[in-house]
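Chemist: sequence first, then the predicted structure:
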Amino acid sequence: MIAQYFNGQGILIFKLFLAAILGFIAALDRKKYGKGAGMRTYALIAMGACLFGIISNQYLNDQTRIAANIVSGIGFIGAGLIWQKRGNIIGVTTAAGIWATAAIGLAVAADLWLLAIFATLMLTLIFNIRWIMPWT
């Protein structure tokens, strides 16, 4: 009985680990360039969204309710990251990145692992496009 419980939990633990790793990867350049939220923040957001997604998938009748609240809650966190400084608005990209990272965590929770990996690669590319094409 106990072995079956832990075997079932193994895949859930792997999901949390994968979400955290994808969050780290998504934020590789954020700390390097001194952006507002760094690798730990992105990893925690991806892992937290994944954990809430796992709980809602395993134990709740309506899985969409938790996902919708994650989207709203991360939106509030993102709004707190946006500032106006000397006429320039800063933090919008960081806020959008955090929002996308929460979606990556939810994708892992929903067993959409390939989609989550592809989204992480796209997010990393988008974060780095400014350094490839400085006019953006």
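Modeler: That came in fine, so what should we check first?

Chemist: low-scoring stretches of this protein, by residue?
Modeler: 1-7, 33-36, 131-136 (pLDDT under 70).

Chemist: what are the ranges of the strands in it?
Modeler: Counting by DSSP state E, the chain has these strands, from start to end: 83-85, 88-90.

Chemist: so what's the closest residue to residue 42 other than its chain neighbours up against?
Modeler: Here the nearest residue to residue 42 in space, its sequence neighbours aside, is residue 27; by CB to CB, 6 or more residues apart in numbering that works out to 3.6 Å. The way it works is simple: take the backbone N, C-alpha and C, and place the C-beta from them, glycine included. The contact partners of residue 27, by CB atoms under 8 Å, 6 or more residues apart in numbering, come to 37, 38, 39, 41, 42, 43, 97, 101.

Chemist: possible to save these as CSV with neighbour count and distance to residue 18?
Modeler: Output for those, formatted as CSV (neighbours: other CB atoms under 10 Å; distance: CB to CB, whole Å):
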residue, neighbour count, distance to residue 18
37, 21, 20
38, 16, 20
39, 17, 16
41, 21, 18
42, 30, 14
43, 21, 11
97, 25, 18
101, 29, 13
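
Chemist: closest to the centroid, which residue in this protein?
Modeler: Centroid-nearest residue in the chain, with CA atoms, centre = their mean: residue 101, separated by 2.1 Å.

Chemist: does that one touch residue 44 like I think?
Modeler: No: applying CB atoms under 8 Å as the test, residue 101 and residue 44 come out as separate, 9.4 Å apart.
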